[in-house]
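*Asks:* quick one: sequence and predicted model below, then my questions.
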Amino acid sequence: MAFPIVSVITTVYRDFSGLEATIASIAMQKYRNIDYLICDDGSENFSCESIEALTKQYAVSCRILHSAKNQGTVRNLNGAIVQSRGKYIF
């Protein structure tokens, strides 16, 4: 029996202070069939390299999406949902 893919989406904009704790939380999950997306909404201070380093540190597989300009919370989240692969989205 195959376990369904569960997509977990973290949206961010300008403030990345809670992102490490969120990535650590994903790493602690016993369920492993997770499609994890971090979706930034056009932050000027966005650093893909810093986020990749965190995901590598916690051994979390994730896709990082970054908008060139701020689109607003709803469009940012909707864009991530379109990119998600899971049967369930959180």
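*Replies:* Right, received. Where do you want to start?
*Asks:* ok, residues contacting the helix or strand containing residue 51?
*Replies:* Assigned by DSSP states H and E, residue 51 belongs to helix 48-57. Residues outside helix 48-57 that contact it (C-beta atoms under 8 Å, 6 or more residues apart in numbering): 16, 19, 20, 23, 38, 61, 62, 64, 66. For every residue, glycine as well, the C-beta is placed using N, CA and C.
*Asks:* and the first one, backbone torsions?
*Replies:* Going back to what we said before, that points to residue 16. Dihedral angles of residue 16 (phi, psi; degrees, to the nearest 10) stand at phi -110, psi 20.
*Asks:* burial count for it?
*Replies:* 18 (other C-beta atoms under 10 Å).
*Asks:* contacting residues for it?
*Replies:* So residue 16 contacts 43, 45, 50, 51 (C-beta under 8 Å, 6+ apart).
*Asks:* one step back: would you list the contacts of helix 48-57 in TSV and tack on distance to residue 73?
*Replies:* Output for those, formatted as TSV (distance: C-beta to C-beta, whole Å):
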residue	distance to residue 73
16	16
19	16
20	21
23	20
38	15
61	25
62	20
64	18
66	15
